[in-house]
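K.L.:
When you get a sec, could you give me coordinates for this:
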Amino acid sequence: MSDWREASETEVFVSYSRADQKQAMQVIKLLQDAGLNVWWDGELKPGSQYLDSTEEALESAKAVVVLWTQTSIASNWVRDEAMSGRDRNCLVPVSLDGSMAPLGFRQIQAIDFSGWKGKAQEPVAGQLLQAVADLRGRAIPPIEHAPRFPGISRRNALLAGGGALAALGGWTLWKFDAFAPAAATNSIAVLPFRNLSGDETQDYFSAGLAEELRVTLSLNPQLLVAAETSSRIFEESNEGLEAIAERLGVAFVLEGSVRRSADLLRITARLVDVTTGFDAWSQVFERPPDNTLELHRELATSVVDALFAADDLDVAITQRPGGTDSSEALDHYLQGLSLFRLAASEETDREALREFERAIAIDPAYAVGHATYGWALMIVGATYTAGEELSDYKRRAAVAARRAIELAPNAPEGHAALGLILLNSLDLRGAREPYQTSFDLGFGNAQILGAFAQFSAYLTEFDDAKTSIARAQRLDPLNAQVYRTSAFVHYLARELDGAKSAANQALVLNEDISTVHASLGDIAFLDGDFEAAREHFRSEPYALERLRGLAMVEDRLEGREAARARLDEMITSHGENSIYQQAQVLAVWGENEAALDALETGLENSDPGVAICGAEPLFDPIRQDPRFAAILGRLGLEA
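P.N.:
Next up, the predicted model:
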């Protein structure tokens, strides 16, 4: 964005509809790159009077560029600004989508930008610059471009890992740091696709297609693909692609749109090389709606071909292992995923389960569908059920995950789901193998990496945990949950400075994230700064962790009676769900036998929190007790 210029210096005023801002920014950049002083509403200073500043800039501009679309035609603001340009004989109309200007503005032929690919060398770009130059009264110097950045070479990306090591596969490359931030040329972000169908209920489909493409690309060991959470932050953002790429640390950005009707599925996509600002590739795909998967595979192949145009190594993956051959099954899967991610209510969670069930009923060989169904069953069961009903949910979840592995042993999702299910059943011995396999197969998936990091920390295998979470942070640099996991890993490793740094970064990204203030409270408590610990615990939004922390710290500051009141409040509010937290408090208080009793009860009830106890610093007061060693033994951990 250019610096603020006074309205009296304005050469070009650009009028557009907010809904068209992404396309408008390309036109604005074209004009600015030509050395023109461009005014648009993003140039307003904080505190400026909108109407006064806009009117002053509009009336002083030498050229008024109006960007007509179906949306802007209906905007009274755009029409008024176009009228000013027309009446002062300085109107330059541009049609972004092929729409005809409204009545009263058709006497000047609009420049058709509907096929413009964002490049200054295209004839329509030259027409616009010439029209502005004519009104400006002097020529515009030619735009100088940086040399075209060469396509990513598969061979170069592999060689970055260290010569002969390339033959050892993606996991080895990672271990030898081929994916360090400096290796930016092998990095890409897939932004959420825009839904242009005019039907908000289709949002799940456009977002889901982008996510499917992101997962498919991430399976390529030679690519570094920004994760979904970080990429979705920019769904409603007005930031330019260069700023987005800088924040995500990528060299290429893929963006697109989806228009879906009863008769046609149309996807428009473009791959932008951030180094130059130009398209490395763009294409429009059209298929009947029941050919969604064919279109998706063609899109993935086109993107990979564009990235590796100069390479002849046949190692790129353009089809997701464990996927489906049924567009209908995929549609139900995407609906289920969208509902589950809402986390809106028990009703929407259970409807998500029904959508997953429909998907695997349509295609019983849909391995990713079975894996996601198993994962969702585990979460829904743990959240909304107890006792025998919970046991049944865990059993069904394990069946679904094992079926996914049977159908697609090379897909990471089934192994990750089974690891989660066994971990939540406190079968750490059984969970080790599926977690390790998911790690080996899912090196490009930040969610899988984060889960593996957490599990490794439970086992006190901190080198693996830190390596895994560091890569997850590289893939998902704007995800507060990743930094929360990093803080947890460093805390369990007793690296309190690293834990504090990661926790603070999580709060920068999301000030309302749960359990992070509790982690900072634990760190301050272990450092002996009880006042700071109390402030963090008081700021914790998750009541269970807040009360647990206050029961610990108030024992130091207010005495046992005040602390006991906090513990009683926690037990009253959370009952059996607080057994592990009760054990933490009692251990800190020095009530060792009661703490061990609570841990044994949690073990019998399969309280997932008990899985952490082998690494938890708060249990150091009872770590040498034979009963504690026996608990670790039952978990499959060493004392």
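
K.L.:
Centroid-nearest residue for the protein?
P.N.:
Residue closest to the mean C-alpha point of the chain, counted by C-alpha atoms, centre = their mean, is residue 229 at 1.3 Å.

K.L.:
Within the helices and strands, which one has that residue?
P.N.:
helix 228-232 (DSSP states H and E).

K.L.:
So which residues make contact with that helix?
P.N.:
Contacts to helix 228-232, defined as C-beta atoms under 8 Å, 6 or more residues apart in numbering, come from residues 189-192, 207, 211, 214, 248, 446, 475-479, 481-482. Every residue, glycine included, has its C-beta placed from N, CA and C.

K.L.:
unless I'm mixing things up, residue 377 is touching residue 350, no?
P.N.:
No: in terms of C-beta atoms under 8 Å, residue 377 does not count as a neighbour of residue 350; the distance is 10.6 Å.

K.L.:
For these two, indicate the residue with more neighbours.
P.N.:
Using other C-beta atoms under 10 Å as the criterion, residue 377 and residue 350 rank with residue 377 on top: 25 against 14.

K.L.:
taking the contacts of helix 228-232 one by one, which sit in helices?
P.N.:
207, 211, 214, 248, 446, 475, 481-482 (DSSP state H).

K.L.:
farthest pair in those residues?
P.N.:
By the measure C-beta to C-beta, 207 and 482 form the most distant pair in these, at 20.0 Å.

K.L.:
who's more crowded, the two?
P.N.:
residue 482 (28 against 22).

K.L.:
Verify the stated contact: the more buried one with residue 469.
P.N.:
Yes: checked against C-beta under 8 Å, the pair residue 482 and residue 469 is within contact range at 7.1 Å.

K.L.:
follow-up on the earlier one: of all the ones in helices among the contacts of helix 228-232, which comes closest to residue 23?
P.N.:
residue 207 (20.1 Å).

K.L.:
Leaving out sequence neighbours, find the closest residue to that closest one.
P.N.:
Spatial nearest neighbour of residue 207, chain neighbours left out: residue 192 (5.2 Å); criterion: C-beta to C-beta, 6 or more residues apart in numbering.

K.L.:
Just give me the neighbour total for that neighbour.
P.N.:
Using other C-beta under 10 Å: residue 192 sits among 22 other residues.

K.L.:
which ones are touching it?
P.N.:
Residue 192 touches 206-207, 210, 231-232, 234-235, counting by C-beta under 8 Å, 6+ apart.

K.L.:
Mind putting those residues into CSV with pLDDT?
P.N.:
Output for the contacts of residue 192, formatted as CSV (pLDDT from 0 to 100):
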residue, pLDDT
206, 83
207, 82
210, 83
231, 78
232, 77
234, 78
235, 71
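
K.L.:
of all those residues, which two lie farthest apart?
P.N.:
206 and 234 (14.6 Å).

K.L.:
picking up where we left off before, list only buried entries from the contacts of residue 192.
P.N.:
Buried members of the contacts of residue 192, scored by 16 or more other C-beta atoms under 10 Å, are 206-207, 210, 231-232, 234.

K.L.:
Find the residue closest to residue 541 in space, skipping its chain neighbours.
P.N.:
Residue 541 sits nearest to residue 514 (C-beta to C-beta, 6+ apart), 5.3 Å away.

K.L.:
Show me what the helix or strand containing residue 436 is packed up against.
P.N.:
Element membership for residue 436, per DSSP H and E: helix 428-441. When contacts are defined as 3 or more C-beta pairs under 8 Å, 6 or more residues apart in numbering; DSSP states H and E, helix 428-441 packs onto helix 412-424, helix 446-458.
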